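S.K.: Sharing a model that was predicted from the sequence below.
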Amino acid sequence: MSISFEAKERPDHLLLVCAGSFTYDSMIRLYEQAFTLAAAAGLGAVLIDARPLAGPPPTIAERINGAMAVARLQSAQNPKIRLAVVGHEPIIHPERIGEVVATARGAVARVFTDETIALEWLLPRQKSP
């Protein structure tokens, strides 16, 4: 089994709720579909909820290659679509290896274990004067 998801459009972001088991190929397809669906909906932000995923965690090489794919896919968007992923360790690496690599390559993407904090980062609020 691989990753499947349910897409839910919110007023200010696209939410993808994952199910199934982690595989590298399905992770790349998930990222591709996330950016495609958000762009088609005119949304500038995506939250991927990976907490329901099972299976062995990605290897370091898979994390690095996945992060490079995120940076490449995101750079094709104009304007860039912000990406937040929320999940549990060990699917989410404790040192956020993927996030480090993606942001070093120019991505606007972060990884979280807390959905509230993820949304606070993903959807910055305008401060009142």
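M.R.: Great, that's in hand.

S.K.: before we move on, what SS does the nearest residue to Ile97 once chain neighbours are set aside have?
M.R.: Residue nearest to Ile97 in three dimensions, not counting chain neighbours: Arg63, with 4.8 Å by Cβ to Cβ, 6 or more residues apart in numbering. From N, CA and C alone the C-beta is placed, and that goes for glycine too. Under DSSP: H, G, I helix; E, B strand; the rest coil, Arg63 falls in the helix class.

S.K.: mind listing what's buried in the longest helix belonging to the chain?
M.R.: Taking DSSP state H as the criterion, the chain has its longest helix at helix 24-41. Judged by neighbour count (16 or more other Cβ atoms under 10 Å), helix 24-41 contains these buried residues: 24, 26-28, 30-31, 34-35, 37-39.

S.K.: got it, and stretch 101-108?
M.R.: Going by neighbour count (16+ other Cβ under 10 Å), the buried part of stretch 101-108 is 101-103, 105, 107-108.

S.K.: Put together JSON lines for the residues you listed, with secondary structure on each row.
M.R.: Shown next, in JSON lines, are the buried residues of stretch 101-108 (three-state DSSP):
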{"residue": "Val101", "secondary structure": "helix"}
{"residue": "Ala102", "secondary structure": "helix"}
{"residue": "Thr103", "secondary structure": "helix"}
{"residue": "Arg105", "secondary structure": "coil"}
{"residue": "Ala107", "secondary structure": "coil"}
{"residue": "Val108", "secondary structure": "coil"}
